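Student: need a 3D model of the following:
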Amino acid sequence: MNKDIGNKIKKLRNKRKLTLKDLSGGTNLSIGFLSQLERGLTSIATDSLAKIADFLDVELSYFFMKPKTSKKAVLRSYEKEVFNICTSGCIQYNLSNNLKNKEMIPRLIEILPNNTDENIQTYIHEGEEFIYVLEGTLTLFLNDEQYELYPGDSIHYSSTTTHNWANYTNKMVKLVVVATPNIFKEEN
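Tutor: Presented below is the predicted three-dimensional model:
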């Protein structure tokens, strides 16, 4: 398991063109420790892994869960599985049978109702995102603007734009998100 976690950290770090020094500076973990971790030579405490997840802009569960792969072209509605549960109250379902050779990640996301007093932190990352709202009212933060998106509304934006979303209603919000880059893609 340590080797799997280390490989995922190294892959994300390299994909974001970060050095071990960059990762060390952003997490206050030593370069030597991070190097050993990436090679599977040491274990890591959950709180330290959470620092790495925050710095690399992934949920902590990314290091433990990954979408299953199938050779079937069609993914039936009853076959979709949860592959991530966000700390911010969202459930992500993978909408693809095979992500390892694809550029995009298609997901169905359900966002639980949220406290309107909560401070939403926006973030950036490489790639782009397309959102289509299926149900409920999604509050989207994009740059310094706030938008309310309703069922049937969509938006397509560069992920290098500061962004985040929330559900400020008392009902579930469901949306389809298609994003790049695919963090599960295997390089040839």
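
Student: buried sites along the lowest-mean-pLDDT helix or strand in the chain?
Tutor: Sorting the helices and strands of the chain by mean pLDDT, DSSP states H and E puts strand 82-85 at the bottom, at a mean of 72. Residues of strand 82-85 classed as buried by neighbour count (16 or more other CB atoms under 10 Å): 83-84. Heads up, the C-betas are built off the backbone N, CA and C, glycines and all.

Student: can you check stretch 91-106 too?
Tutor: For stretch 91-106, by 16+ other CB under 10 Å, it's 91-99, 104-106.

Student: just checking, next helix/strand downstream of the lengthiest helix in the chain?
Tutor: The single longest helix within the chain, with elements called by DSSP state H, is helix 2-15. Remark: after helix 2-15, the chain's next helix or strand is helix 20-27, criterion DSSP states H and E.

Student: show me what counts as buried in that following helix.
Tutor: Those would be 20, 23-24, 27, for helix 20-27 by 16+ other CB under 10 Å.

Student: swap in stretch 74-82?
Tutor: L75.

Student: ok, stretch 43-52 next?
Tutor: 44, 48-52.

Student: okay, the nearest residue to L75 once chain neighbours are set aside: pLDDT?
Tutor: Distances taken as CB to CB, 6 or more residues apart in numbering put N97 closest to L75, at 4.9 Å, once the chain neighbours are dropped. Per-residue pLDDT puts N97 at 76.

Student: and which of the buried residues of helix 20-27 is nearest to A179?
Tutor: L23 (22.6 Å; CB to CB).

Student: ranges for the strands of the protein?
Tutor: 82-85, 90-94, 105-111, 128-135, 138-142, 145-149, 154-158, 163-166, 173-179 (DSSP state E).

Student: from A50, how far off is the most centrally placed residue in the chain?
Tutor: Centrality entry for the chain: nearest residue to the mean C-alpha point is V58, 4.8 Å, by CA atoms, centre = their mean. Applying CB to CB, to the nearest Å, the value for V58 to A50 is 11 Å.

Student: what of Q146?
Tutor: From Q146 to A50 the distance is 28 Å (CB to CB).

Student: what of G6?
Tutor: For G6, the distance to A50 - CB to CB - is 16 Å.

Student: repeat for L149
Tutor: 30 Å.

Student: same question, V177
Tutor: Distance from V177 to A50, by CB to CB: 23 Å.

Student: so what's E148 up against?
Tutor: 137-140 (CB atoms under 8 Å, 6 or more residues apart in numbering).

Student: could you single out the nearest of these to E38?
Tutor: Nearest to E38 among these, with distances taken as CB to CB, is L140, at 35.0 Å.
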